[in-house]
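In: structure of the sequence below:
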Amino acid sequence: MKAQSLFPAPFPWQTRLAAKLWDDISTLYFHSMNKSEDTSIAIPSVIQDKLNLIGESAALVPIEAFKTDPETLKPTHEERYFLSSGTTQEQRSRSSFSPDGLEIYRRSSVLHFYQVLSRYFEDPVHAPGLSLIPTSQEWPDSSLAQMVEWIGEHNPVSRDIQSPLGWSQAGWVFATGFHIVHAFDQGLKVPLPPGSIVIETGGTKGKSRSVSRNELHQMIKVVFALADEQIVSEYGMCELASQAYESTASGSNIRLFRFPRWVECKIQDSHGELGDQGIGALVVHDKARIDCPYPIRTQDLVKLNSDGSFALLGRVPGSVLKGCSLNAESLVIPHAEVPAKQGLWIRPDQSWQERLQSGFGHRLQRLIASKEYYQAVDAELGSQQITSAAIEDLLADIPKDDATWQQTLVAAGMNSKLPKQWLLIPPQTHGVAIIYPLIVANLLNLNVKVRQRRGHPKMDALLANFLEQEGCATTWLPNEFKIGEVEEDWDAILVFGSDETIDTIRSASQAPVRGFGTIISTSIITDVGESQQLASAKRDMLALAQLGCLSSRIRFVLLRDAQDDKELTNWDHSQKPVLSDAQIIGCRQALWSLWSRGISAQQLADGSISQTFVFDDQLQPESYLLPQQFSQATVLIRPEDEKSFWIWINKQPFLRTGVPQGVAEKQNLKSFYSLGSANRNPWSGYHQGQPLFLFETQKDLDRC
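Out: Numbers count the residues shown, from 1 in each chain. Next up is the predicted model:
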């Protein structure tokens with residue numbers, strides 16, 4: 001009875017194989033769960049005290065942990081491990097399995113596979129099969145290759161793509177997207193017997209020419225002469241022990257994925273809240289994954305239904321790493337049709353002079369320097385040190401005289417015709433940034449509607465009160481507001497977010513969109529023996545608590561000799577908390593749920609996470625990024641690679657680089673800031689080198 005409460009009753013189709021697998025799964029599962037051996041690691045009391053202040057939360061493992069901290073997830077007795085797909089130059093996730101864990105993985109995956117086949121075949125165990133997936137000898141680290149071999153233990157599986165030509169009954173084909181594209185490009189035609197199916201899995205990006213899911217299915221129909229309803233998609237990953245399969249529902253053209261019934265699915269929205277349905281990052285609790293008995297938050301964006309089925313929408317945008325954190329799905333109604341309208345354009349008047357002469361600039365500085373504003377920022381960033389640095393930088397950014405203010409307003413678009421009514425969508429993660437465009441817009445005499453940020457009412461209320469007292473035309477919209485709900489009464493949109501978010505808003509609105517998106521800030525240390533460079537790089541890393549695009553996420557270090565490497569190692573160790581490796585692992589295990597909100601064990605222990613790479617000019621900057629907040633990758637530049645490094649840096653369109661004095665001019669850097677001033681963003685009227693409110697392309701002008 002106990003087994004039935006966790007694993008539902010066996011599937012309706014009865015075979016000797018199914019019954020045996022089911023019994024074995026249940027027996028092994030409870031044998032593993034009831035072992036007396038305690039393999040957990042005690043959490044240091046200093047960390048536990050801080051956890052108690054935060055509150056209880058169910059454990060939640062971000063899937064990135066299998067890449068950044070595989071030792072944390074390693075069982076006491078490792079029987080086998082698998083690696084995620086990827087190129088040899090990429091860091092790949094590692095998933096470890098104990099002997100019992102591997103057995104449950106084998107039996108649960110085979111059981112569910114044949115359950116899926118039972119939808120199409122009366123006797124699924126004896127249906128002929130063809131695999132286009134390499135063997136486990138060819139792909140020794142692949143969980144997919146191993147799963148197909150396990151299936152082959154119960155039913156002979158051919159590896160010859162021509163074998164279906166000799167089938168006397170309907171069968172199945174299992175293939176990756178890459179192998180299907182290859183077969184299509186070769187012009188192969190292998191018509192399958194009526195009633196056959198093709199199971200496809202995995203994408204094609206990075207392995208062949210990239211094709212969409214629809215294009216892939218068209219290729220399958222050409223190669224194997226099948227209809228849409230005979231194509232099944234598999235969703236799996238080496239971190240899980242169970243797979244989801246997608247097919248067309250009876251009498252419908254809607255394709256939905258479903259895991260076996262012992263897997264529980266949830267979604268996590270952009271604010272870290274878990275739900276049983278809706279759009280968000282897929283969270284999978286696979287009870288067959290006994291070596292990691294926690295829900296795993298994936299990086300896949302899905303629409304989850306109340307019955308556990310889901311549609312795969314794409315990847316969760318990496319907005320915290322590559323831009324300002326904002327979820328496009330929370331901003332627009334999909335497929336909304338908004339009627340086009342003629343916007344009102346104005347040329348800003350000169351009322352800004354009267355405002356400044358009345359002391360507007362001084363009142364603004366007093367607001368930012370006030371105790372109330374400090375408390376609002378501190379409540380958002382969670383660190384007095386980081387809050388003090390943020391306010392110090394903000395006060396330094398504001399123009400100090402009328403002439404500088406005028407230069408700022410001209411650069412922002414004062415001498416050009418601008419849309420009169422604006423919708424401002426600020427970054428969700430760092431409200432400090434909103435004050436700059438708001439103040440400039442109001443000095444330009446623009447009417448602004450601001451979408452409020454969720455969870456930060458204090459700072460928004462302070463700004464709203466200040467602007468109201470100054471007579472600024474600003475309206476605050478609720479966070480639940482979405483584009484497409486009502487007729488648009490704005491002439492243009494200003495948004496700070498990821499490129500994905502900006503594209504989504506552009507497609508949903510008839511108004512022109514002024515978007516500031518993907519960017520990655522980095523730091524370059526040219527002399528590790530100079531303590532000021534190291535301290536400045538650390539300040540850049542902590543900018544705005546790494547919420548947004550201004551914080552440095554990658555630290556490039558030019559090595560002059562072996563002593564440099566030693567100096568850097570000593571400095572790194574001095575920054576880390578004085579905890580043993582076992583204690584750090586214990587902290588991480590307890591804090592998986594908090595990682596989803598950007599809190600790591602090292603943050604609570606007043607330290608920082610760092611991982612070291614050796615520079616490779618064939619990699620993109622994203623290859624070095626670490627997913628955790630308060631993390632910074634260290635990329636070592638050997639002397640022989642320095643020349644190629646500077647060439648590489650200048651070719652990266654989304655990099656913003658902090659450098660010591662004189663380096664930018666010497667190396668002709670295109671986008672840089674002074675080391676130690678990552679959060680210094682002078683109010684020049686520009687952002688990311690572009691005017692705040694001035695549309696420059698003909699395409700944008702045409703939309704107006």
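In: just give the number of residues close to A441.
Out: Residues contacting A441 under the criterion other CB atoms under 10 Å number 25. Where C-beta positions appear, they are placed from N, C-alpha and C, glycine not excepted.
In: for it, which non-adjacent residue is spatially closest?
Out: Of all residues not flanking A441 in the chain, V448 sits nearest, at 4.9 Å (CB to CB, 6 or more residues apart in numbering).
In: is P682 in contact with D397, as I believe?
Out: Yes. In this structure, P682 is within contact of D397 by CB atoms under 8 Å, at 5.0 Å.
In: for the strand or helix carrying G101, packing partners?
Out: Following DSSP states H and E, one finds G101 within helix 99-117. Other helices and strands packing on helix 99-117, by 3 or more CB pairs under 8 Å, 6 or more residues apart in numbering; DSSP states H and E, are helix 16-33, helix 143-152.
In: comparing those helices, which yields the minimum mean pLDDT?
Out: Of all the helices and strands packed on helix 99-117, mean pLDDT reaches its minimum on helix 16-33 (a mean of 48).
In: burial measure for G187, as a count.
Out: 8.
In: can you give me the buried ones in stretch 293-310?
Out: 294-298, 300-304, 308-310 (16 or more other CB atoms under 10 Å).
In: test my guess that A633 contacts L626.
Out: Yes. The pair A633 / L626 is scored as a contact, 5.3 Å apart, by CB under 8 Å.
In: run the angle between the helix holding G101 and helix 143-152 for me.
Out: 70 degrees (axes from the mean of the first three to the mean of the last three CA atoms, to 10 degrees).
In: got the buried residues for helix 99-117?
Out: For helix 99-117, burial by neighbour count (16+ other CB under 10 Å) applies to 100-117.
In: can you give me the helices in the stretch 501-650 of the chain?
Out: Counting by DSSP state H, counting those that start in this stretch, the stretch 501-650 of the chain has helices at residues 531-542, 562-575, 581-595, 601-604, 642-650.
In: least confident of those, on average?
Out: Lowest mean pLDDT within the helices of the stretch 501-650 of the chain: helix 601-604, at a mean of 39.
In: the stretch of helix or strand I493 belongs to pairs with which strands?
Out: Assigned by DSSP H and E, I493 belongs to strand 492-496. For strand 492-496, the paired strands and their directions (DSSP bridges) are strand 421-425 (parallel), strand 513-516 (parallel).
In: how does this structure divide into domains?
Out: In terms of domains, the chain is parsed into 2-39+75-260, 345-518, 520-687 (source: automatic domain parsing).
In: including distance to L60, could those domains go into JSON lines?
Out: Listed next are the domains of the chain as JSON lines, based on distance: least, CB to CB, whole Å:
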{"stretch": "domain 2-39+75-260", "distance to L60": "13"}
{"stretch": "domain 345-518", "distance to L60": "19"}
{"stretch": "domain 520-687", "distance to L60": "4"}
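In: nearest approach to T68 belongs to which of those domains?
Out: domain 520-687 (6.2 Å; CB to CB).
In: so, low pLDDT: which residues of the stretch 401-550 of the chain?
Out: Low-confidence segments of the stretch 401-550 of the chain (pLDDT under 70): 429, 454-456, 486.
In: which residue ranges of it form strands?
Out: Ranges of strands in the stretch 401-550 of the chain, per DSSP state E, counting those that start in this stretch, are 418-419, 421-425, 447-451, 474-477, 492-496, 513-516, 520-525.
In: closest one to A241 among the ones you listed?
Out: Closest to A241 of the strands of the stretch 401-550 of the chain is strand 520-525 (CB to CB; 34.8 Å).
In: now do the closest one and helix 531-542, the angle between them.
Out: Strand 520-525 and helix 531-542 are oriented at 170 degrees to each other (the same axes, to 10 degrees).
In: for strand 520-525, name the packing helices and strands.
Out: The contact analysis (3+ CB pairs under 8 Å, 6+ apart) places strand 520-525 against helix 531-542, strand 552-558, strand 655-659.
In: make CSV from those and add distance to S158 to it.
Out: What follows is the helices and strands packed on strand 520-525, written out as CSV (distance: least, CB to CB, whole Å):
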stretch, distance to S158
helix 531-542, 54
strand 552-558, 47
strand 655-659, 49
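In: out of these, which gets nearest to L282?
Out: Closest approach to L282 among the helices and strands packed on strand 520-525 (CB to CB): strand 552-558, 24.9 Å.
In: run me through the strand neighbours of the closest one, direction for each.
Out: strand 520-525 (parallel), strand 631-637 (parallel).
In: just the CA trace of that strand, in PDB.
Out: Output of strand 552-558 as PDB, limited to C-alpha atoms (Å, rounded to 0.1, in the frame of the first residue of the first chain):
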ATOM      1  CA  SER A 552      30.700  42.600 -13.600                       C
ATOM      2  CA  ARG A 553      30.100  38.900 -14.300                       C
ATOM      3  CA  ILE A 554      33.400  37.900 -15.800                       C
ATOM      4  CA  ARG A 555      36.900  38.800 -14.500                       C
ATOM      5  CA  PHE A 556      39.600  38.600 -17.100                       C
ATOM      6  CA  VAL A 557      43.100  38.400 -15.700                       C
ATOM      7  CA  LEU A 558      46.200  39.000 -17.700                       C
END
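In: check the offset of it from the chain's centre.
Out: On the basis of CA atoms, centre = their mean, to the nearest Å, strand 552-558 sits 21 Å off its chain's mean C-alpha point.
In: averaged pLDDT, it. What do you get?
Out: Taken as a whole, strand 552-558 has an average pLDDT of 88.
In: also stretch 669-679?
Out: 86.
In: what of stretch 230-238?
Out: Mean predicted lDDT for stretch 230-238 stands at 93.
In: likewise for stretch 256-272?
Out: Average pLDDT, stretch 256-272: 85.
In: and the residue nearest to L216 when sequence neighbours are not counted, how far is that from L226?
Out: Nearest non-adjacent residue to L216, counting by CB to CB, 6+ apart: G177, 5.3 Å away. G177 sits at a distance of 15 Å from L226 (criterion: CB to CB, to the nearest Å).
In: tell me which of these two has more neighbours.
Out: Each of G177 and L226 has its neighbours counted (other CB under 10 Å); G177 has more, 23 against 19.
In: my read: the more buried one touches S212, true?
Out: No. Applying CB under 8 Å, one finds G177 not in contact with S212, separated by 10.2 Å.
In: E234: what's it in contact with?
Out: E234 makes contacts with F174, I199, E200, T201, Q243, A244, Y245, E246, as judged by CB atoms under 8 Å, 6 or more residues apart in numbering.
In: just the angle for the host helix or strand of the third one relative to helix 99-117, thanks.
Out: With secondary structure defined by DSSP H and E, E200 is part of strand 197-201. Taking the same axes, to 10 degrees, one finds that strand 197-201 is oriented at 140 degrees with respect to helix 99-117.
In: quick one: contacts of stretch 160-168?
Out: The contact list for stretch 160-168 (CB under 8 Å, 6+ apart) reads 128, 130, 132, 171, 173, 183, 188, 190-193, 196, 224.
In: what about it, start to end distance?
Out: With CA to CA, to the nearest Å as the measure, stretch 160-168 spans 16 Å from end to end.
In: buried set for that stretch?
Out: Applying a neighbour-count criterion of 16+ other CB under 10 Å, one finds I161, S163, P164, W167 buried in stretch 160-168.
In: quick one, helices of the stretch 151-300 of the chain?
Out: Going by DSSP H, counting those that start in this stretch, the stretch 151-300 of the chain shows helices at 177-185, 213-224.
In: let's have the contacts of E234 in CSV, adding pLDDT and distance to D540.
Out: Converted to CSV, these look like this (pLDDT from 0 to 100; distance: CB to CB, whole Å):
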residue, pLDDT, distance to D540
F174, 95, 48
I199, 95, 48
E200, 93, 45
T201, 89, 42
Q243, 96, 43
A244, 96, 41
Y245, 95, 46
E246, 88, 44
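In: just the buried subset of these, please.
Out: Among these, those buried by neighbour count (16+ other CB under 10 Å) are F174, I199, E200, T201, Q243, A244, Y245, E246.
In: and which of those is nearest to D617?
Out: Using CB to CB, these come closest to D617 at T201, 32.6 Å.
In: show me what the nearest residue to the closest one once chain neighbours are set aside bridges to in the sheet.
Out: Leaving aside its chain neighbours, T201 sits nearest to E234 (3.9 Å; criterion: CB to CB, 6+ apart). Beta-bridge partners recorded for E234 (DSSP bridges): T201, Y245.
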